[in-house]
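Colleague: test case, fold it:
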Amino acid sequence: MPVPLLPAVLEAALKGAVVFVIVALAMPFLRRRSAAVRHAAWAFAVGAQLVLPALALVAPSWGAPLVERPGWVADVLTRGPGGARAETGSAPGGAAPAAATAPGAVSAAAPGRAGGVRDGATAPAGSGGEDGPDGLPGTLAAAWLAGAGLILLRLAVGTAGVWRLAARSRRVLDAGWLALAHELAARVGISRPLTLLRGESLALPVTWGVVYPVVLLPADADSWDDEQRRYVLVHEMAHIRRFDALTHLVAQVTLALFWFSPLVWLAVSRMRAEREHACDDYVLRAGTTPSRYANDLLTMVRSIRLPSRRRTAPAFAALAMARRSEFEGRMMAILEDDTPRDPLSRRGIAGGAVAAAVLALALAGFSPLAARDGGALAAAPPEVPIPIVARETADVRSPVTANRRSPVTTGAQVRGGPVDSVRPPQRADDNLAAILAQNAASGDDTLLAVAIRAVPTLAHDRQKSIVLAHAARGALRGDAGLRDAFFAALGSITSDDHRTIVLVHATANAQGSPAVTARVLRATAGMRSPEAASTVLVNVAQRRLVTSDSLRALYVRVADALASDAQRQLALTALRQATPPANP
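Modeller: Numbers count the residues shown, from 1 in each chain. The predicted model follows:
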């Protein structure tokens, strides 16, 4: 079940709603413009809705969340195929991570939900609690797939019906029809090869095909006079000239993906109506009398009700010349004398495409779903194993517990600190932390500096650790000023567990810098918990960041100061195993 796709579709639908609302608000101002302009506006909006999920993968994020994200969404996004959470990899060089040897250790891929796992407990794979993906989201995904499948099935059945019509039809070889078609194709501006077919029991002319267009004429088409032949061919060729078969296909695919959005249905309906109006404008510009054209269309629409013609009604994969549901509006547009009927110019098409692309790119980076109850506030930085030692373990001095391997959890299941685990975060602080985390990961040094300096103003250590974990890459690989600000903000975190999260991310982004390693070791020396301090030291050793005698001496001094003999021995053993004797 493609549950992880559902949040992306929902967010894209919300963003697409903004596009549709903008186009709908613009319609009163386009009332005095031609139908081709209005059709283009709706077509660009539908196209923008279709590409928004793909653009969201590459567009830079911006803005603040507006709508609360359901709890199961954040949980689903951390799951791999089959609903199981992805396991963290081993440490560099094939060494087992520190969590595998530390008593009661747990590890995490990124700072996320504090308090998710306590005392080293492991959440079963595929479980999602009340909001898990096996309940409501699975049902929603099944409903979405069912709706999309029905619409695509309708399109497939319509396409098969068109193929059957073509197989049962005969190619038009009459010299009069072919000469007229050649003349009108040159006048309308069609260079693609056009095929004329005649079908049995067909009430209306029908057009389909993008590369090799086909016009299917009713069986009684030979009885038409020259004027009726002319305007029927002009109308169908207008569809071909405007690539209406292509925009119709795009609309059907968009409708399949976003069938639950009433705005998509509205946009597709308006596209269809304006498309026919635009083709009618081609006919009227060619000199056809509006009253004659309207009367003949009325005759065609009435013929659809005949029993012998119902089985050949237009399919969803083809463009019919008339539909009963749209007839009244078309008659009014045809008979109005002062209606603009100009086609859309190439400059207008290019301008509309650019405007739609800019709007789609801007909306693609906007994330309207906010984290729920202090969940994943922003996109997590690259996965880094973060061993965190549980306090509530057996006596660390016991040789039995010192060699015991504890269950390992991954993802956002990080145990909260002693303060934050019993006090729920505030909504305003969560929103601020989300914005700061996005700024910290934006790659802009100015935004990064602002985010780091704002960390001490946050109320909870969990929020501070999230922002600093996002800031670690840019701050520790930037100039000395950003590095100093980073470690100064780290000093505002009082919980050793959350300091450990930040420091392990710092070791992952140290890039072998002796200055960064020294700052990490000095920050570790200030920790009260020997378990948390040894976790950071083991990560420093396993990443082979101790590259000089001075760093080795500092590492040993911090390890010797640990209050726990077991944790001291663990840190020193990791140094001996991972670091050969260093040169000055």
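
Colleague: what residues of stretch 452-461 count as buried?
Modeller: By 16 or more other Cβ atoms under 10 Å, the buried positions in stretch 452-461 come out as 452, 454-455, 458-461. The C-beta positions use only the backbone N, C-alpha and C, and glycine is treated the same way.

Colleague: buried residues in the longest helix seen in the chain?
Modeller: Longest helix in the chain, counting residues (DSSP state H): helix 136-168. For helix 136-168, the buried set under the neighbour-count rule, 16+ other Cβ under 10 Å, comprises 137-138, 140-141, 144, 147-148, 151-152, 154-155, 158-159, 161-162, 165-166.

Colleague: tell me the pLDDT of G478.
Modeller: Per-residue pLDDT puts G478 at 70.

Colleague: my guess is it contacts I452, does it?
Modeller: No: contact criterion Cβ atoms under 8 Å: G478 and I452 do not qualify, at 10.4 Å.

Colleague: on that earlier part again, closest to A515 out of the buried residues of stretch 452-461?
Modeller: Within the buried residues of stretch 452-461, proximity to A515 (Cβ to Cβ) peaks at I452, which comes in at 17.0 Å.

Colleague: and the residue nearest to the closest one when sequence neighbours are not counted, what does it touch?
Modeller: Distances taken as Cβ to Cβ, 6 or more residues apart in numbering put A485 closest to I452, at 4.7 Å, once the chain neighbours are dropped. Contact analysis of A485 by Cβ atoms under 8 Å, 6 or more residues apart in numbering lists 449, 452-453, 475.

Colleague: these in helices, which ones?
Modeller: 449, 452-453, 475.

Colleague: now, which of these sits nearest M237?
Modeller: Minimum distance to M237 across the ones in helices among the contacts of A485 is 61.2 Å, recorded for A449 (Cβ to Cβ).

Colleague: OK, contacts around that closest one?
Modeller: Neighbouring residues of A449 by Cβ under 8 Å, 6+ apart: 481-482, 485.

Colleague: just the buried positions in the strand or helix carrying G16, please.
Modeller: In this structure, G16 sits in helix 5-26 according to DSSP states H and E. Buried residues in helix 5-26, defined by neighbour count with 16+ other Cβ under 10 Å: 6-20, 23-24.

Colleague: so how far is the longest helix of the chain off the chain centroid?
Modeller: Relative to its chain's centre, helix 136-168 lies at 23 Å (Cα atoms, centre = their mean, to the nearest Å).

Colleague: how about stretch 527-543?
Modeller: Taking the mean of its C-alpha atoms, stretch 527-543 sits 38 Å from the chain's own mean (Cα atoms, centre = their mean).

Colleague: mind listing what's buried along that stretch?
Modeller: Quick answer for stretch 527-543 (16+ other Cβ under 10 Å): 527, 529-543.

Colleague: so which of those residues belong to helices?
Modeller: Reading helices off those with DSSP H, I get 530-542.

Colleague: list just the nearest of these to A35.
Modeller: Ranked by distance to A35 (Cβ to Cβ), those are led by N539 at 65.5 Å.

Colleague: picking up where we left off before, orientation of the next helix or strand along the chain from the helix holding G16 relative to helix 5-26 in degrees?
Modeller: Where DSSP H and E defines the elements, the next helix or strand beyond helix 5-26 is helix 35-55. If you take axes from the mean of the first three to the mean of the last three Cα atoms, to 10 degrees, helix 35-55 sits at 150 degrees to helix 5-26.

Colleague: show me what helix 35-55 is packed against.
Modeller: Other helices and strands packing on helix 35-55, by 3 or more Cβ pairs under 8 Å, 6 or more residues apart in numbering; DSSP states H and E, are helix 5-26, helix 244-257, helix 262-285, helix 346-364.

Colleague: how far off centre is the longest one?
Modeller: Centroid displacement of helix 262-285 relative to its chain, using Cα atoms, centre = their mean, is 29 Å.

Colleague: before we move on, what about the first one?
Modeller: Averaging C-alpha coordinates over helix 5-26 and over its chain gives two centres that are 12 Å apart (Cα atoms, centre = their mean).
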